[in-house]
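Engineer: Can you look at this prediction? I've put the sequence above it.
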Amino acid sequence: MDSPLTLVERNLLAPGGLSTHDLDRVFTRVMAPSIDAADLYFQHSRSESWVLEDGIVRDGSHSIEQGVGVRAVSGEKTGFAYSDDIVLPQLLEAAGAARAIAESGHGAGKPLAVRDARALYPADDPIDGLDNAAKIALLRELDALARSLDPRIKQVIVSVNATHDSVLVAAADGTLAADVRPLTRVNVQVIAEQNGRRESGHSGGGGRCAYRDLIDSGRAHAWAREAVRQALVNLDAVDAPAGTMDVVLGPGWPGVLLHEAIGHGLEGDFNRKGTSAFAGRMGDKVAADGVTVVDDGTLPGRRGSLSIDDEGTPTHCTTLIENGRLVGYMQDKHNARLMGMVPTGNGRRESFAHLPMPRMTNTYMLAGERDPQEIIASVERGLYAVNFGGGQVDITNGKFVFSANEAYLIEHGKITRPVKGATLIGSGPDVLTRVSMLGNDLKLDEGVGVCGKDGQSVPVGVGMPTAKITAMTVGGTSA
Amino acid sequence: MDTDIVTADASLAELDRLAELAEDVIRRTRAAGASQAEVSASVGTGLAVNVRMGEVETVERNRDRGFGLTVYFDQRKGSASTADLKPASIEATIAQACAIARYTEPDPCAGLADAALMQKDFPDLDLWHPWEPDVERAIGIGREVEAAGRDHDAVTNSEGASVQCGGGLGVYANSHGFIGRERGTHHSVSCSLIVGKGDAMQRDGWYEYVRDAKEFPAFDSIGRKAAERAAARLGARRFSTRDCPVVFAPEVARSLVGHLVSAVSGGSLYRRASFLLDHAGKPVLPAFVNISEQPRLPRGHVSTTFDAEGVATRESALVAGGVLQRYVLGSYSARKLGLATTGNAGGVHNLVVAPGAREGDAPQTLDAMLRAIGTGLLVTELIGQGVSIVTGDYSRGAAGFWIENGEIAYPVQEITIAGNLRDMFMDVLAIGSDVDPRASILTGSILVGKMTVAGE
């Protein structure tokens, strides 16, 4: 099988009459004595989606995007331009625009040297990996399954989508690296209706894998069942409580707490600028004993994983919090250089038309030793929250929210009634100090996360074991 | 202020080129057997400059293109798009869309909007005001904005100031023979500053967003306003859980109107995923509330003479006397519901919320609104996504100010506000005339009589 570099050279550079040897000329154009770093990011991206609604496969779409981004960095200054034409004249023009931040003069990059990284996923195109008739059949099967489970299910929307992304990074520091990235996803949304009351249920997942992997493992069908289960639970939900109480988070997707409460605050750019609530707190105790949190881009096949980041750095498993103490930031090359640190493989960008920044990959908390049942039994009155929608954080004051869409009251150590969705709010530097019990059931999410920062979206993963957080604010309506 | 207006520009010629391309593609899809087709093509260019702590941080040149095609083979639909306009990419896109339509299933509601509804006249809505400062000038503006903000005694750090300018050209064409051309510019200047240190740090900012750079206020005022907003948050605290009146400042009030639009939009209705099913002709807000759609507002942020399907837009009431006058529909959702399109494919085009009050006159300013409530919460920031359009359940993170005796008592944070949108809408007591002009939903501050605020 061809290496990613060979594949990407053939698909990205060759059509425009380019080879990696021509890239030296571009760097000659970009580099000046005052330029500290420069890179080129070539990308070709294909994606598709299919949607079933009201029992009809009513929509299918396909899109192609390709181009090259050119970045020049001088001190804290970054110049950036891009072109959707991957040919030498356009590349040189973009290079000229990007270096406009620099003083005039000439410099040179290091000779490019191929950097091989271990492949965490197959390079195969998931779009071509399953024929269209089989995708349609999958949509129909999931629709039929969801409707067969309960007569109260009135509406089912199923979608599948896939992306095949080929990237080539060449940098003046000599980096030459390529990556071919598949990404697939299945979504099931249902509406249940009972006595005039309507509730929705939503489930799905995916990863850097083929559609086949999601189907043959039974996961796709399990998501259809899960969406139905959630909608039916919510039909019986009562108003959520309002105020401060103990909250037990279920395993898996509730790890979105970590992403919002501490993840963003530990991204290198905010800490370099001193705008994060975690700035200058390296080595401080920011979580309870026993709490260890990592950002791990190296998990095979995971939605948030990358063999190399978008600057060509192989991804790492970076420990952020170790036994309660802050030990690491997530870095891209630019912020690592300015902070005198090492890049951690967290330099990511939405596409060639966007600048890279420090971003998360898969962020999760390691397991503790408690039986999850024991954790629930320890709560006199509180909330057990197992599924969440999105969240958001103000990284400067550290306040974050995340919204439960499946939660239950805990009364006298027992799960009693389901309650309506409610937003949980807390303070990033404080919330993990309140983790008072940790389960032995670490789980990663199913592969649905999308993280937004400065208008750029990238796929991410989260995970955690069952955890008890003492005294958290729950934003319900029932006093 | 000085401006850098470009007098001669190539936008009209470029629009003609996009229109020719669109027509050519539609001809080719018909030749390939499609019964109907529609094309959108766009080109956007811009410059974005960020300045932080007086130094240039980033200079970005943008040039984005897009081409999207939808074909219908009878009632089977296929769509494809490409981000470049090269002939080979266009060719591949046509092939992809047709290939997809071989697999999708006949949908009786699929297809273009009716030919009779296509827009026929295209008045100029005054949306094209190119502003192309050179990079040095843009950096200079950013420095001026940020420096004015950093002059404030309370400011300890900065996230920087940003200057963005740009314009977009778009063509929509379909196989009814409709071709619509649009061009519009948008420019913005923003600043985000930090006050306090360590655990007491707070951040806030301000931005201006205009069609014409001549509409910008003095640049230093943007930095000063950012600083004042951040400084006002110093010492923010939590408070105890309670029910109380809530004022949504204009910059957050429009999100409430946005939820109303979502709930009465075709997609939510035909999926039965709305808390306002079957509410056309029924009260959804108190009798003093009037909301109209004004798609031809000169310089409006989303003004247009035709919607995303070529259907003529027209001014019409969405809510009159508190009663929902109609839904927000494109032709697909209209057919699903057995109704007619309202010219809202692609969304609403400028909603104007009239000021008013349940009792007495509409508050003219935010201060007047605060005096009207006496005691309660003023919300200036909302975070998180805790809103269900299916049930109307609402629970979001908030920050703002506690109001006592009609005045700001102290800043608050780390609280949530919760209720159900259906109740919240009926409980609107006043809408101010302090309209925030920076968005497509034009509303002043909104007072809701009672919500649950959760804190300590």
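Structural biologist: Good, I have the coordinates.

Engineer: Low-confidence regions, the chain specifically.
Structural biologist: This is for chain A. Applying pLDDT under 70 to chain A flags residues A:1, A:103-108, A:479.

Engineer: that answer is for a different chain, and I need it for chain B
Structural biologist: Within chain B, the ranges that satisfy pLDDT under 70 run B:1-8.

Engineer: Which segments of it make up each domain?
Structural biologist: Domain segmentation of chain B under automatic domain parsing yields B:11-231, B:242-454.

Engineer: Let me have the ones you listed in TSV, extended by mean neighbour count.
Structural biologist: Bear in mind the C-beta positions are built from the backbone N, C-alpha and C, glycine included. What follows is those, written out as TSV (neighbours: other CB atoms under 10 Å in any protein chain shown):
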stretch	mean neighbour count
domain B:11-231	19
domain B:242-454	20
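
Engineer: Nearest to chain A, out of these?
Structural biologist: When these are compared for distance to chain A using CB to the nearest CB, the nearest one is domain B:242-454, at 2.6 Å.

Engineer: next one: the closest one to chain centre, how far?
Structural biologist: Mean-position distance between domain B:242-454 and its chain equals 13 Å (CA atoms, centre = their mean, to the nearest Å).

Engineer: Same check on stretch A:309-317?
Structural biologist: The chain centre lies 14 Å from the centre of stretch A:309-317; the measure is CA atoms, centre = their mean.

Engineer: Check the offset of stretch A:119-135 from the chain's centre.
Structural biologist: Counting by CA atoms, centre = their mean, stretch A:119-135 is centred 21 Å from the centre of its parent chain.

Engineer: closest to residue A:240 out of the domains of chain B?
Structural biologist: Set against residue A:240 and scored by CB to CB, the domains of chain B come closest in domain B:242-454, at 7.2 Å.

Engineer: which one of the domains of chain B lies closest to residue A:390?
Structural biologist: Comparing the domains of chain B against residue A:390 with CB to CB, the closest turns out to be domain B:242-454 (4.4 Å).

Engineer: Bridge partners for the residue in chain A that chain B sits nearest to, pull those for me.
Structural biologist: With CB to the nearest CB as the measure, residue A:475 is the residue of chain A nearest to chain B, at 2.6 Å. According to DSSP bridges, the partner residues bridging residue A:475 are residue A:242, residue A:423.

Engineer: surely it meets residue B:417?
Structural biologist: Yes - when contacts are counted by CB atoms under 8 Å, residue A:475 is listed as touching residue B:417 (7.3 Å).

Engineer: can you list residues touching both of those two?
Structural biologist: Common contacts of residue A:475 and residue B:417 (CB atoms under 8 Å, 6 or more residues apart in numbering or on different chains): B:395-396, B:452, B:454.

Engineer: Would you point out the most distant pair within these?
Structural biologist: Maximum pairwise distance in the shared contacts of residue A:475 and residue B:417, criterion CB to CB, is 11.7 Å, between B:396 and B:452.

Engineer: and stretch B:265-274, how far apart are its ends?
Structural biologist: Chord length of stretch B:265-274, first to last residue, is 9 Å (CA to CA, to the nearest Å).

Engineer: make that stretch A:5-22, sorry
Structural biologist: Start-to-end span of stretch A:5-22 (CA to CA) is 15 Å.

Engineer: how about that stretch: buried residues?
Structural biologist: By 16 or more other CB atoms under 10 Å in any protein chain shown, the buried positions in stretch A:5-22 come out as A:5, A:7-9, A:11-13, A:16, A:18, A:20.

Engineer: ok, now stretch A:114-131?
Structural biologist: If you call a residue buried by 16+ other CB under 10 Å, then stretch A:114-131 has these buried ones: A:115, A:117, A:120-123, A:126-127, A:129-130.

Engineer: just stretch A:139-156 next, same as before
Structural biologist: Within stretch A:139-156, the residues that qualify as buried are A:139-140, A:142-143, A:145-147, A:149, A:152-156, counting by 16+ other CB under 10 Å.

Engineer: So which of those sit within helices?
Structural biologist: Residues of those located in helices (DSSP state H): A:139-140, A:142-143, A:145-147, A:149.

Engineer: which residues touch the residue of chain A closest to chain B?
Structural biologist: Going by CB under 8 Å, 6+ apart, residue A:475 touches A:240, A:242, A:401, A:422-425, B:386, B:395-397, B:415-418, B:452, B:454.
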